[in-house]
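J.: Sequence and predicted structure, then a few things I'm wondering about:
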Amino acid sequence: MEFTKYHGLGNDFILIDNRDDPEPRITSDQALQLCDRNFGIGADGVIFALPGQEGTDYTMRIFNSDGSEPEMCGNGIRCLGKFLADLEGDNHKTHYRIHTLAGVIIPELKGDGKVRVDMGMPQLSAAQIPTVLAEADQKVINTPIEIADKLWEVTCVSMGNPHCITFVDDADAIPLETIGPLFEHHSVFPQRTNTEFIQVVRPDYIKMRVWERGAGATLACGTGACASVVAGVLTNKSDRICTVELPGGCLDIEWSETDQRVYMTGPAEQVFTGKLSQISG
Ligand SMILES: N[C@H](CCC[C@H](N)C(=O)O)C(=O)O
């Protein structure tokens, strides 16, 4: 089976051309094996280009490197946009309507090689995150939670997948490997959560470190960057148009005042293509 490796600011994925079958041709357990950086190809996830449904061009499904299936992936859908254009060849489309578990998401290939994505509207009620940190119809903004004997003020935002955002003085000082799993698996998040630690450099420029649900510390997280700008606006810490600096590079995010949708612009690079010699399980 052929695959193509892409990354979005170092958040890297194995992309599979699955356009001829509505079912992914590898299982979540096999995806876990392929993501292993010693015994497999190595990646933060596996992304499938599947046939469209309900009027969309294509469908995206993704398995995290732990084999779990999230609703959406921001860096991943930019990579999928580039992948589809490569598969379609010279007459490729520049906009794709992609069916995802988070709704219809629209990546647009820009002339400068970047990809601009309409990520839809953030979901803000506790039930939509989901979290039990507040009543189902209430928002979670600057809510205290005790983790590792410290009180953190968190703001929760769903971009189809759950995000818990906390603002810190020094993002680089966060011990992600120890504190990340405590947030990810906390009982107040029934579906686990992605966690973003945000340092506000300026209202239009924030620095982010992320511990991803099902993938751990990654170099970038697109949905997390979107969720963090929304959280920054809700807490009056950041502007609606904001640059997000991640270890792998910067994303440009806008939470539009007019349509309340979040737009993300960033790169997506092809690294190599390959053939799987064998896969067990
Ligand atoms: N680990 C995430 C999915 C990938 C999100 C991230 N890689 C992005 O770019 O949005 C989750 O389980 O919700």
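T.: Alright, I've got the coordinates.
J.: Strands of the stretch 101-250 of the chain, start to end?
T.: In the stretch 101-250 of the chain, the strands defined using DSSP state E, counting those that start in this stretch lie at 103-109, 115-118, 143-147, 150-158, 162-167, 194-202, 205-212, 216-217, 241-246, 249-255.
J.: Give me the mean pLDDT for stretch 30-49.
T.: This predicted structure assigns stretch 30-49 an average pLDDT of 97.
J.: Wasn't Ala31 part of a helix?
T.: Yes. Counting by DSSP: H, G, I helix; E, B strand; the rest coil, Ala31 is part of a helix.
J.: Quick check, it in contact with Arg61.
T.: No. Applying CB atoms under 8 Å as the test, Ala31 and Arg61 come out as separate, 10.2 Å apart. Heads up, the C-betas are built off the backbone N, CA and C, glycines and all.
J.: Who has more neighbours out of those two?
T.: Ala31 (27 against 21; other CB atoms under 10 Å).
J.: coming back round to it: any chance of the strands of the stretch 101-250 of the chain in TSV, with mean pLDDT and distance to the ligand too?
T.: Listed next are the strands of the stretch 101-250 of the chain as TSV, based on pLDDT from 0 to 100; distance: least, CB to the nearest ligand atom, whole Å:
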stretch	mean pLDDT	distance to the ligand
strand 103-109	97	11
strand 115-118	98	10
strand 143-147	98	19
strand 150-158	98	10
strand 162-167	98	7
strand 194-202	98	5
strand 205-212	98	4
strand 216-217	98	9
strand 241-246	98	10
strand 249-255	98	9
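J.: Can you give me the domain boundaries for this protein?
T.: Per the TED database, the structural domains of the chain span 2-118+267-275, 126-260.
J.: And the first one, end to end?
T.: End-to-end distance of domain 2-118+267-275 (CA to CA, to the nearest Å): 4 Å.
J.: Then stretch 254-261?
T.: Chord length of stretch 254-261, first to last residue, is 8 Å (CA to CA).
J.: Pull out the buried residues from it.
T.: By 16 or more other CB atoms under 10 Å, the buried positions in stretch 254-261 come out as Glu254, Trp255.
J.: same check, this time on stretch 216-225
T.: Buried residues in stretch 216-225, counted by 16+ other CB under 10 Å: Gly216, Thr218, Leu219, Ala220, Cys221, Gly222, Thr223, Gly224, Ala225.
J.: tell me the mean pLDDT for stretch 72-84?
T.: Mean predicted lDDT for stretch 72-84 stands at 98.
J.: CA atoms only: put it into PDB for me.
T.: Taking C-alpha atoms only, stretch 72-84 is exported to PDB below (Å, rounded to 0.1, in the frame of the first residue of the first chain):
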ATOM      1  CA  MET A  72     -11.000  17.100  13.300                       C
ATOM      2  CA  CYS A  73      -7.400  18.100  12.700                       C
ATOM      3  CA  GLY A  74      -6.400  21.600  11.600                       C
ATOM      4  CA  ASN A  75      -2.800  20.900  10.400                       C
ATOM      5  CA  GLY A  76      -4.000  17.700   9.000                       C
ATOM      6  CA  ILE A  77      -6.700  19.200   6.800                       C
ATOM      7  CA  ARG A  78      -4.200  21.600   5.300                       C
ATOM      8  CA  CYS A  79      -2.000  18.600   4.400                       C
ATOM      9  CA  LEU A  80      -5.100  16.800   3.000                       C
ATOM     10  CA  GLY A  81      -5.900  19.800   0.800                       C
ATOM     11  CA  LYS A  82      -2.400  19.700  -0.700                       C
ATOM     12  CA  PHE A  83      -2.600  15.900  -1.000                       C
ATOM     13  CA  LEU A  84      -5.900  16.000  -2.900                       C
END
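J.: From the chain's centroid, how far away is that stretch?
T.: Relative to its parent chain, stretch 72-84 has a centroid offset of 10 Å by CA atoms, centre = their mean, to the nearest Å.
J.: isn't Lys114 right next to Tyr263, touching?
T.: No. Assessed by CB under 8 Å, Lys114 is found out of contact with Tyr263, at 11.9 Å.
J.: So for those two, which sits in the more crowded spot?
T.: Using other CB under 10 Å, the more surrounded residue of Lys114 and Tyr263 is Tyr263, with 19 against 16.
J.: Just to check, the more buried one is in contact with Asp118?
T.: Yes. Using CB under 8 Å, Tyr263 is in contact with Asp118, at 6.0 Å.
J.: where does this protein come near the ligand, residue by residue?
T.: The chain comes close to the ligand at residues 11, 64, 70, 73-76, 161, 194, 212-215, 218, 221-224, as judged by CB under 6 Å from any ligand atom.
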